[in-house]
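Enquirer: sequence and computational prediction follow.
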Amino acid sequence: MNVLLALIPLSILMLILGGVAFFWAVDHDQFDDMETPSLLPLLDDPDTPLHPAGKP
């Protein structure tokens, strides 16, 4: 039973740290473009832009 006194606060701390990391990632626009990273390995030339010139 004494191990619960250590594991419960540790799990709450890990939950808080995970929440902080998630909201940091959302705040810093980490989830804006979900398609482009999966398409990058398919490009023949990595320097070729995915979008035509002049279009975002």
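Expert: Received the coordinates, thanks. Please read these numbers as outputs of a predicted model, since none were measured by experiment. Residues are numbered from 1 along each chain as shown.
Enquirer: only C-alpha atoms from now on, for both contacts and neighbour counts.
Expert: Noted.
Enquirer: for the chain, identify the residue most remote from the centre.
Expert: Outermost residue of the chain with respect to the C-alpha centroid, by CA atoms, centre = their mean, is residue 1; its distance is 36.4 Å.
Enquirer: in the chain, which helix is the longest?
Expert: The helix spanning the most residues in the chain, taking DSSP state H as the definition, is helix 2-27.
Enquirer: tell me the mean pLDDT over it?
Expert: When pLDDT is averaged along helix 2-27, the result is 96.
Enquirer: can you pull the contacts of the residue farthest from the centre of the chain?
Expert: Listed by CA atoms under 8 Å, 6 or more residues apart in numbering, residue 1 has no contact partners.
Enquirer: sorry, back to before: next SSE after the longest helix of the chain?
Expert: Remark: after helix 2-27, the chain's next helix or strand is helix 36-39, criterion DSSP states H and E.
Enquirer: for that following helix, C-alpha coordinates in CSV please.
Expert: What follows is helix 36-39, C-alpha atoms only, in CSV (Å, rounded to 0.1, in the frame of the first residue of the first chain):
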residue,chain,number,x,y,z
THR,A,36,2.9,17.3,-46.1
PRO,A,37,5.3,15.3,-43.8
SER,A,38,3.8,12.1,-45.1
LEU,A,39,4.3,13.1,-48.7
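Enquirer: same for that helix, what does it pack against?
Expert: Applying 3 or more CA pairs under 8 Å, 6 or more residues apart in numbering; DSSP states H and E, we find helix 36-39 packed against no helix or strand.
Enquirer: which of the residues in that helix are buried?
Expert: By neighbour count on 16 or more other CA atoms under 10 Å, the buried set for helix 36-39 is empty.
Enquirer: what mean pLDDT does it have?
Expert: Rounded mean pLDDT across helix 36-39 is 78.
Enquirer: go on, stretch 44-52?
Expert: 66.
Enquirer: oh, and call the first residue 27 from now on, that's how I've got it
Expert: Let's use 27 as the start, then, which means that last one is stretch 70-78.
Enquirer: thanks a lot, see you next time.
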